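Asks: structure for the following, please:
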Amino acid sequence: MTSQSSIWQVDFYRTATSSQQTLWELVVCDEATQTVETRSCYQSQATVDWLVEQLTDIADGTLPETIRVFRPESLQLLQLAGQRLGITVEGTRRTPFLKQVLRDRAGEERIKVESPPPQPLPDHLWGQQWQFASLPAEEIEYRMPERPIPFCEMPTELTPFQIGLGSTTTVPGIIIYAGRQSWQLAQWMREARPMFINYISTVAGESGGLVLEAGLRDRWVIITFEDSEVAQAGEKYEQRKQNCKGLHFLLIQPDDSGMTDTGFWLLQQQD
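Replies: Residues are numbered from 1 along each chain as shown. So this is what the prediction gives:
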């Protein structure tokens, strides 16, 4: 694989042959060149040494700087192989090209990752207030990077113009006014690695809550509520996410004055 990109999306998982022998399959995707390489081995061969050999062969002299892995069960072996090769291995759900390849080959089951029930957000971190909000795409694109935000994550591949949104598109989001806990909450969020925030309805138009999907499979309940107006706003939030190709944001501020930002994350709905 002759790569023009410094990032690969990689999976290494177990499957079974018709004779019930367990096989492991390595799938390596380079989104920039739209190339895919696969290798298979028996379970007895599924070792760090085997991975190092196969990744080196696939690289053909040009190793990537980063490998992205979405499957928790694959992460440790690939991290060990990455250490041997001098490659950073990052656990992230953001592997869209790889997931599409796996989905096309074997259906939705191939990309499913079991997640635990959502846990409540630690009480000592919760802010004073929160609200649904929105920002024009051009403000996210041009103004947010210029603001002095201590905790700010805006991956290039998630910026509005990069995913094809117009400058006047309204991007939905959540603002948390965390008061004195603002810094602690933003720091916790950075360590949790937010991926996306869903509104989950319990009674349509009457009650629901917000669930943060973070890391590879962590889930956190941000808030629950029984309020028809808030529930309807949550439904509009989900609709706006769909209209923005899943793009949304999380903004943490000390208060609602708009003068100070503590944390900002660009997020996108993932499979």
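
Asks: and stretch 131-148, how far apart are its ends?
Replies: End-to-end distance of stretch 131-148: 22 Å, with C-alpha to C-alpha, to the nearest Å as the criterion.

Asks: and residue 239, how far from residue 134?
Replies: Taking C-beta to C-beta, to the nearest Å as the measure, residue 239 and residue 134 are separated by 12 Å. Every C-beta, even on glycine, is put in place using the N, C-alpha and C of the backbone.

Asks: where does pLDDT dip in the stretch 151-271 of the chain?
Replies: Within the stretch 151-271 of the chain, not a single segment meets pLDDT under 70.

Asks: repeat the analysis, applying 90 as the threshold.
Replies: Across the stretch 151-271 of the chain, the stretches falling below the confidence threshold (pLDDT under 90) are 180, 202-207, 256-259, 270-271.

Asks: just the CA trace of the top helix by length along the chain, in PDB.
Replies: In the chain, assigned by DSSP state H, the helix with the most residues is helix 228-243. The C-alpha coordinates for helix 228-243 follow below in PDB (Å, rounded to 0.1, in the frame of the first residue of the first chain):
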ATOM      1  CA  SER A 228     -42.500  19.100  27.500                       C
ATOM      2  CA  GLU A 229     -40.800  22.200  26.200                       C
ATOM      3  CA  VAL A 230     -37.300  20.900  26.800                       C
ATOM      4  CA  ALA A 231     -38.300  17.500  25.300                       C
ATOM      5  CA  GLN A 232     -39.600  19.100  22.100                       C
ATOM      6  CA  ALA A 233     -36.400  21.200  22.000                       C
ATOM      7  CA  GLY A 234     -34.500  17.900  22.200                       C
ATOM      8  CA  GLU A 235     -36.400  16.500  19.300                       C
ATOM      9  CA  LYS A 236     -35.600  19.600  17.200                       C
ATOM     10  CA  TYR A 237     -31.900  19.200  18.300                       C
ATOM     11  CA  GLU A 238     -31.800  15.700  16.800                       C
ATOM     12  CA  GLN A 239     -33.500  16.900  13.600                       C
ATOM     13  CA  ARG A 240     -31.000  19.700  13.200                       C
ATOM     14  CA  LYS A 241     -28.100  17.200  13.700                       C
ATOM     15  CA  GLN A 242     -29.500  15.200  10.800                       C
ATOM     16  CA  ASN A 243     -29.600  18.300   8.700                       C
END
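
Asks: for it, buried residues please.
Replies: By neighbour count, with 16 or more other C-beta atoms under 10 Å as the criterion, the buried positions of helix 228-243 are 230, 231, 234, 237, 238, 240, 241.

Asks: check which helices and strands it sits against.
Replies: Packing partners of helix 228-243 (3 or more C-beta pairs under 8 Å, 6 or more residues apart in numbering; DSSP states H and E): strand 129-136, strand 170-177, strand 194-203, strand 207-214, strand 247-253.
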